[in-house]
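A.B. asks: Okay, predicted coordinates and the sequence, questions at the end:
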Amino acid sequence: MCWYRSGHEFPLDGFALLAQTRRVLNRLTNLFPVWVSLGALLALIEPAWFTWFQGQAITWTLALVMLGMGITLQVDDFKAVGRMPRAVAIGFVGQYTIMPAAGWGVAKLLDLPPQFAAGLILVACCPGGTASNVVTFLARGDVPLSVVMTMCSTFAAVFMTPFLTKWLAGTVVPVDAAGLLLSTVQVVLLPLVLGLGLVRFTPGLVKRALPAAPLVSVLGVTMIVASIIGTSAGQIRGSAGQLVLAVFLLHTVGFLFGYLLARAFRQKVTTCRTVSIEVGMQNSGLGAVLAKKHFADAATGVSLAAVPCAISSVFHSVIGSILAGIWRLRPPPGERDGGRT
């Protein structure tokens, strides 16, 4: 049996297989919190399974993750900023005020060791995480808004992350702001621009790669997190309680005050949910890569500052998924939920 379209003959089974493959890829991608948590747990039990994944492999993997985000962007995404400037501005301000302040405040409150404090502040100064778009979809939030806010905070991270980290973490450890800026350009801006270029000049290639791109990004972040946790497994076990509490407080503040900020500006429920998720979920992979490169011990090459970033990836995914599960059961009455009614 065949399907005829535009003079071409396509096997119906081929379309069915393609649709089934995409459904499987989407389901595996939506299990992001499971893969990250599993990777972190296995890295604590058997560090050697992941510690081989080091150095430039981590940097290039994050660049690949950001490239995956780049090929999902369209020109209309940039135009969308003008169509919802108020909501985008609220999310942007929340991203770069609530989280950095929370990172600095929690580090001081718990009197974290300098390297752990620097790592917590660094991840707090990172842009919104790419997984926030998936979580927003599951939470019946505004997915287009989430995509636009992630895009804006990610592009701004080229300047905001080094500046805020220097300002806040510079009181704890020496911070090479220029080095952070250059690294952020390399692993964030260039891959995003390359992705946009591929969308513009090789749309056929991008169309074939798109279904698998989110899952590749998820697996890439999982490997980065597992490698960092495996490398510092001993130190994590020794400071587990303090680190877990610090990261938990950081993201709890982000999710809570992100929601309250949007609510204070009289935004609808779907927007409040979206801002909450966008503020509460960080690009922990970026934080981990920057920490590995700029806060590593000169003698051992180990970066304890990368540990809070790795733990952050687990916590924001778990908390975000729990919120998504709760909110999915409570659809906002009379509001559009990320493009679905």
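C.D. replies: Done, it's in.
A.B. asks: separation between L164 and A178?
C.D. replies: Computed as C-beta to C-beta, to the nearest Å, the L164 to A178 distance reads 15 Å. Bear in mind the C-beta positions are built from the backbone N, C-alpha and C, glycine included.
A.B. asks: Between those two, point out the one with more neighbours.
C.D. replies: L164 (25 against 10; other C-beta atoms under 10 Å).
A.B. asks: Identify each buried residue in the host helix or strand of that one, please.
C.D. replies: Using DSSP states H and E, L164 maps to helix 143-169. When neighbours are counted by 16 or more other C-beta atoms under 10 Å, the buried residues of helix 143-169 are found to be 143-155, 157-158, 160-166, 168-169.
A.B. asks: Over to stretch 58-76?
C.D. replies: Buried-residue list, stretch 58-76, by 16+ other C-beta under 10 Å: 58-59, 61-63, 65-73.
A.B. asks: low-confidence ranges in the stretch 201-341 of the chain?
C.D. replies: Along the stretch 201-341 of the chain, segments meeting pLDDT under 70 span 235, 238-240, 296-302, 333-341.
A.B. asks: which stretches of it form helices?
C.D. replies: Residue ranges of the helices in the stretch 201-341 of the chain, as given by DSSP state H, counting those that start in this stretch, are 203-209, 213-231, 233-238, 240-264, 269-280, 284-294, 306-328.
A.B. asks: Which neighbouring elements make contact with the last one?
C.D. replies: Meaning helix 306-328. helix 32-45, helix 114-124, helix 132-138, helix 213-231, helix 233-238, helix 240-264, helix 269-280, helix 284-294 (3 or more C-beta pairs under 8 Å, 6 or more residues apart in numbering; DSSP states H and E).
A.B. asks: Find the residue at the geometric middle of the chain.
C.D. replies: Taking C-alpha atoms, centre = their mean, the centroid of the chain lies closest to G129, which sits 1.9 Å from it.
A.B. asks: isn't that residue right next to N283, touching?
C.D. replies: Yes: counting by C-beta atoms under 8 Å, N283 is a contact partner of G129 at 4.8 Å.
A.B. asks: re earlier: out of the helices and strands packed on helix 306-328, flag the one nearest S183.
C.D. replies: Proximity to S183 (C-beta to C-beta) singles out helix 284-294 among these, at 5.7 Å.
A.B. asks: what does the closest one rub up against?
C.D. replies: With C-beta atoms under 8 Å, 6 or more residues apart in numbering as the test, helix 284-294 has contacts from 58-59, 62, 65, 118-119, 122-123, 126-127, 129, 157, 161, 165, 175-176, 179-180, 183-184, 187-188, 220-221, 224-225, 228, 303, 305-306, 309-310, 312-313, 316.
A.B. asks: starting at the chain centroid, how far to it?
C.D. replies: 13 Å (C-alpha atoms, centre = their mean, to the nearest Å).
A.B. asks: the inter-axis angle of that helix versus helix 240-264?
C.D. replies: Orientation note: helix 284-294 sits at an angle of 130 degrees relative to helix 240-264 (axes from the mean of the first three to the mean of the last three C-alpha atoms, to 10 degrees).
A.B. asks: Report the angle between helix 284-294 and helix 143-169.
C.D. replies: Using the same axes, to 10 degrees: helix 284-294 against helix 143-169 is 30 degrees.
A.B. asks: I'd like to check the angle between helix 284-294 and helix 114-124, please.
C.D. replies: Using the same axes, to 10 degrees: helix 284-294 against helix 114-124 is 140 degrees.
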